[in-house]
Each structure stands twice: as structure tokens, then as C-alpha cells.
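Participant: compute the structure for the input listed below.
(one chain, ligands or ions: 1)
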Amino acid sequence: MDASLGKVDVAIVGGGVVGIACALELARRGTSVRVLERGRLGHGCSYGNAGWLTASLALPLAAPGQTFKALAWLLDRESPFYIRPRLDPALAAWLVRFLMSSRRAPFERGAEALIELSRRSVDFWERLASETTEPFGFERNGLLAVYESKQALAFARRRAALTARFGIPHEEWTAEQVRDREPAIRGLSVGGLFFPEDAHCEPYGAVRALISEARRLGVRFDEQAEVLDVSSNGAGDHLRTARGVVHAKEIVVAAGAWSGSFGRRLNLRLPMLGAKGYSLLARRVEPHPVRSIYLTERKIAVTPHAETLRIAGTLELVGEDLSMDARRVGAIVRDARAMLEVGELSTADADVWRGLRPCMPDGMPAIGRTRGARNVWLATGHQMTGLKTAPATGRLLAELICGEAPSVDPAPFRADRF
Ligand SMILES: Cc1cc2nc3c(=O)[nH]c(=O)nc-3n(C[C@H](O)[C@H](O)[C@H](O)COP(=O)(O)OP(=O)(O)OC[C@H]3O[C@@H](n4cnc5c(N)ncnc54)[C@H](O)[C@@H]3O)c2cc1C
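Facilitator: Reported below is the predicted structural model:
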């Protein structure tokens, strides 16, 4: 018989940035919470992402105007967006829903909601950075998006006009201004857009600061505690983990890209796909970038930390496959060397990491109660925006569970839409 680990109000499955943010907000409301993590806390997708806290780019993955380009990229193994051709009905169904969601109206509704979630979250991270004893490299120096073609810049101007409507200011810089103000860029550009309110941080450091805040409020964390199955009785659920059984009144599924396969144990059918991306952590370069840089057409994110430079990119729809593809990592290195003063950067002198972004076909996270199940909640599907929206996600979910008036409109994130 499995050992009992005790009773809680809420058990959270998954100790990534989203699950931990939910735990913190629930604990703030006096709820007893336990986070059950299969491996080590914050070592999933939350570990080595680009660390961007950029409301300017808090947009649904499915976007109008990109579809044909994305389709052309699909079969190119070195392109920023790739799907290995395979006969997979789940993938086909996901792609159909993705294309349907790429229409202008759902995209703009989603963008407004995600930007709001992100703005609140970035303010939270800024506050936490000023209070925590665990510094995490938070800097609010803005984001510079660089364009290599007039066509891409024209498209970006229209996108920036949209985000401006939702409260995100920007400035346009000429190619000369880009060169003068950001000498780390050596490739040719036709200009840039600068978003002054954006920020960045060290992603795993941010997770650790969140954990320490949550622990202070009494959250219990269990590592190496994979949730294997769930059974119900009238008074709640028993979650059988690799370390014993936890009894909980409510369950939150925050298992990132694995929420789909885990959800099947709860009879949920979530159209979740993991989208693999890589990051390289290299030594500090000279001149070191002043701010985050987006090499837009190459879809490469560059983040300057105090002693290191992080370079992240590529999106490959893979499901749960975490294998490394040297060709795709090589493509990131090649693009970075073409555009940045990074010397002879190679994979040999950088730490290479990969993670699975949890992606729903409509590009929106699911935050709220699931269809049918009275006590099962979702906080997942944050695709490329999990770090920049986690704190407000946690707050919204905690408000819904505790029956408070929600601080943001929960409708765009409804978890019972699947
Ligand atoms: C290259 C790259 C760059 C990115 N850059 C950014 C960025 O700059 N800004 C941004 O906001 N976002 C970025 N993202 C996206 C961001 O990393 C994710 O949206 C975010 O980390 C998702 O967090 P999560 O907590 O949902 O998932 P995860 O961090 O993956 O956490 C899920 C956890 O659930 C655990 N788990 C799974 N199954 C079980 C089970 N049965 N029992 C117990 N535990 C289980 C896993 O072990 C894992 O730790 C990037 C992603 C990538 C790949």
C-alpha cells in the first residue's frame, strides 16, 4: 500500500513556472497547496527559455499573414518553424484548428487578452525583483526588434499599431540608429522597432525566486513525485505519486507540454502539442547587447545577462520528443553569427538546452475549470508566453478556484472550450 502524504485543499500537477505561480496565489488566499513535480522544480520548459518579459510579443501563436510563410517553412529542417512530415491524425487535427484560429478576429481578441495578462505579470516580476532575496537578473531595458527586409518591417509596423491599441508603446529606429544604439548588431538591417516597456530576466532564477516566495507562504513542494493516476471518492481525489498518495479537494493540471497525456488519466481530451525550441548560453561578448534583441525574420531571441548571452530560437511541433537535432542548433548558431558580434560562437563553447512549449491549436492558454469535472482545473498551454504571463495566470486561476471576482476577463482563456 502507498504511503499517505497527507491532505490538501489543492494539489498542483507540475512544478514549472505556471504551476508554481498558481501555488503562490492560492497560498496568498489561505489555501493549503502541494506542488507535485515529476523531476526537479523548474527544470521543464521554464528552465532555459529566452527570459523575455515582453508584452509587445504576447500574441497567440496562430497569426494572420504568416500562414503561407509558415507552410513554406514546414518542410525545411533548418527553418525557424518546422514539422517533420508524418502521418499523425492528432497532428493533422491540430493543424486544421491552428489554421482556423489564424483569422484576424480571433487573433486580435487573443492578443488583447494575452497582452493584458503579460502587462500585469511583468509588473509583478518587477515588484518581486525589488523585494526578493533571490535576485534573478530582472532588467527593464526594452526590446529591439530588428528587420532585414522592408517587407518584414512594413508587416511589423502594422503589428505594432495593433499592440499600441492595447497600450504597448514603441518607437521606430532607422538602420543607422539601430547600428549606433546597439553596436552588438553587425548584420545589415533596414531598421528596427523599439519597445521601451519590455523587460527580461534569468528564467530559472525567476522560478527560484517564485519558489522561495511560495515556500514562505506555506506551499509544500515534492520533487521526483510524478503523478501516476488519480481516483475519486465523494470527498475529493487521491493522487497516487511516485512518493505516496496525496488527498486533495481540487486538482490543477499545470504539466506543460505533458498536460495532454496526463489529462487522459482524468478523461480530458486536450489538443496539446509540444513545440521544441533551443537556447544556447554563451559567455559575455564585447560589445555586449544593452537590451534584448529579436532577429525577426530569423526568429532568434537574444538576451543579455550580466555574465552570459542567451540565444534562443526555432519552433518544431514534436509532441513530447525531447531529442536534440544538431542541424537545428547549428542553424541558430549560423544566424546569430551572421547578425551579431559573437565571434566564433559554436555549440562547443555554449550550454545547449531544449524545451517543449505547451501549445494549444488556438494559441491561447487554458486557465479555469475543465468541462464536466467539478474539481479539475487547467493552467496550461502558454506556448511562447509562459514566463511573461505566469503571475497573472496564477492570480486568475486562484480567483476562480476561491470564488473571487476575476481581475481579468477569464473568457478568452476558458478551459472548457475543448
Ligand atoms: C526556446 C524557448 C524560448 C522561450 N522563451 C520564452 C520567453 O522568452 N518568455 C516566455 O514567457 N516564454 C518563453 N518560452 C515559453 C515558456 O518557456 C513556456 O511557456 C513555459 O515555461 C511553460 O511553463 P509550464 O509551467 O507550463 O511548463 P513546464 O515548465 O514545462 O513545467 C511543466 C512541469 O510539469 C511536470 N510534469 C509533467 N507531467 C507530470 C506528472 N505526471 N506529474 C508531475 N509532474 C509532471 C514536468 O516535469 C515539468 O516540470 C520559451 C520556450 C522555449 C522552448
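Participant: show me where the stretch 151-300 of the chain has strands.
Facilitator: 171-174, 191-195, 199-200, 220-222, 227-233, 236-241, 244-253, 273-283, 292-295, 300-304 (DSSP state E, counting those that start in this stretch).
Participant: likewise the stretch 1-150 of the chain?
Facilitator: 4-13, 33-36, 52-53, 81-82, 143-147.
Participant: and Ile211, which of those strands is closest to it?
Facilitator: Closest to Ile211 of those is strand 33-36 (C-beta to C-beta; 8.8 Å). C-betas here are computed from N, CA, C, even on glycine.
Participant: grab the nearest non-local neighbour of Lys249.
Facilitator: Excluding the flanking residues, the one nearest Lys249 by C-beta to C-beta, 6 or more residues apart in numbering is Gly236, at 4.4 Å.
Participant: so how many other residues sit close to the one you found?
Facilitator: When neighbours are defined as other C-beta atoms under 10 Å, Gly236 has 18 of them.
Participant: about what we covered before: let's have the strands of the stretch 151-300 of the chain in a markdown table, adding distance to Ser346 and mean pLDDT.
Facilitator: A markdown table is the format used below for the strands of the stretch 151-300 of the chain (distance: least, C-beta to C-beta, whole Å; pLDDT from 0 to 100):
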| stretch | distance to Ser346 | mean pLDDT |
| --- | --- | --- |
| strand 171-174 | 30 | 98 |
| strand 191-195 | 27 | 98 |
| strand 199-200 | 24 | 98 |
| strand 220-222 | 37 | 98 |
| strand 227-233 | 40 | 90 |
| strand 236-241 | 41 | 92 |
| strand 244-253 | 40 | 97 |
| strand 273-283 | 9 | 95 |
| strand 292-295 | 18 | 98 |
| strand 300-304 | 16 | 97 |
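Participant: among those strands, which comes closest to the ligand?
Facilitator: The ligand lies closest, by C-beta to the nearest ligand atom, to one member of those: strand 273-283, at 2.9 Å.
Participant: from the middle of its chain, how far away would the closest one be?
Facilitator: 12 Å (C-alpha atoms, centre = their mean, to the nearest Å).
Participant: again with stretch 113-129
Facilitator: For stretch 113-129, the distance to the chain centre is 13 Å (C-alpha atoms, centre = their mean).
Participant: so which residues make contact with it?
Facilitator: 53-55, 58-60, 135-136, 138, 140, 163, 166-168, 197-199, 201, 206, 209-210, 213, 364, 385, 388-393, 395-396, 407-409, 412-413 (C-beta atoms under 8 Å, 6 or more residues apart in numbering).
Participant: and the buried ones among the residues you listed, selectable in PyMOL?
Facilitator: The PyMOL command for the buried members of the contacts of stretch 113-129 (criterion: 16 or more other C-beta atoms under 10 Å) is given here:
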select buried, resi 53+54+55+58+59+60+136+138+140+163+166+168+197+198+199+201+206+209+210+213+364+385+388+389+390+391+392+393+395+396+408+412+413
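Participant: also near the ligand: which of the contacts of stretch 113-129, exactly?
Facilitator: Thr385, Lys388 (C-beta under 6 Å from any ligand atom).
Participant: filter the contacts of stretch 113-129 down to the ones in helices?
Facilitator: Among the contacts of stretch 113-129, the ones falling in helices (DSSP state H) are 163, 206, 209-210, 213, 388-393, 395-396.
Participant: nearest to the ligand among those residues?
Facilitator: Nearest to the ligand among those, with distances taken as C-beta to the nearest ligand atom, is Lys388, at 3.6 Å.
Participant: which residues touch the closest one?
Facilitator: Trp52, Leu53, Thr54, Ala55, Ala58, Ser118, Ser121, Val122.
Participant: go through this structure and flag its longest helix.
Facilitator: helix 104-131.
Participant: buried sites along that helix?
Facilitator: Neighbour-count burial for helix 104-131 [16+ other C-beta under 10 Å]: 106-108, 110-126, 128-129.
Participant: next, see if that helix gets close to the ligand.
Facilitator: No: with C-beta under 6 Å from any ligand atom as the criterion, the ligand is not reached by helix 104-131; the gap is at least 7.9 Å.
Participant: check the offset of that helix from the chain's centre.
Facilitator: 12 Å.
Participant: got the ones in helices among the contacts of stretch 113-129 as a markdown table, with pLDDT columns?
Facilitator: Formatted as a markdown table, those follow (pLDDT from 0 to 100):
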| residue | pLDDT |
| --- | --- |
| Thr163 | 98 |
| Ala206 | 98 |
| Ala209 | 98 |
| Leu210 | 98 |
| Glu213 | 98 |
| Lys388 | 98 |
| Thr389 | 98 |
| Ala390 | 98 |
| Pro391 | 98 |
| Ala392 | 98 |
| Thr393 | 98 |
| Arg395 | 98 |
| Leu396 | 98 |
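Participant: in JSON lines, list these along with distance to Glu172.
Facilitator: Converted to JSON lines, the ones in helices among the contacts of stretch 113-129 look like this (distance: C-beta to C-beta, whole Å):
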{"residue": "Thr163", "distance to Glu172": "13"}
{"residue": "Ala206", "distance to Glu172": "30"}
{"residue": "Ala209", "distance to Glu172": "35"}
{"residue": "Leu210", "distance to Glu172": "35"}
{"residue": "Glu213", "distance to Glu172": "38"}
{"residue": "Lys388", "distance to Glu172": "23"}
{"residue": "Thr389", "distance to Glu172": "26"}
{"residue": "Ala390", "distance to Glu172": "31"}
{"residue": "Pro391", "distance to Glu172": "30"}
{"residue": "Ala392", "distance to Glu172": "29"}
{"residue": "Thr393", "distance to Glu172": "32"}
{"residue": "Arg395", "distance to Glu172": "34"}
{"residue": "Leu396", "distance to Glu172": "34"}
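Participant: of those residues, which pair is most distant in space?
Facilitator: Counting by C-beta to C-beta, the most remote pair of the ones in helices among the contacts of stretch 113-129 is Thr163 and Glu213, 29.7 Å apart.
Participant: contacting residues for the residue of the stretch 1-150 of the chain found nearest the ligand?
Facilitator: Minimum separation of the stretch 1-150 of the chain from the ligand (C-beta to the nearest ligand atom) falls at Gly16, amounting to 2.1 Å. By C-beta under 8 Å, 6+ apart, Gly16 lies in contact with Gly42, Gly44, Cys45, Ser46, Val207, Ala254, Gly256, Gly386.
Participant: contact partners for the second one?
Facilitator: By that I understand Gly44. Gly44 touches Gly14, Gly16, Gly256, Ala257, Gly355, Leu356, counting by C-beta under 8 Å, 6+ apart.
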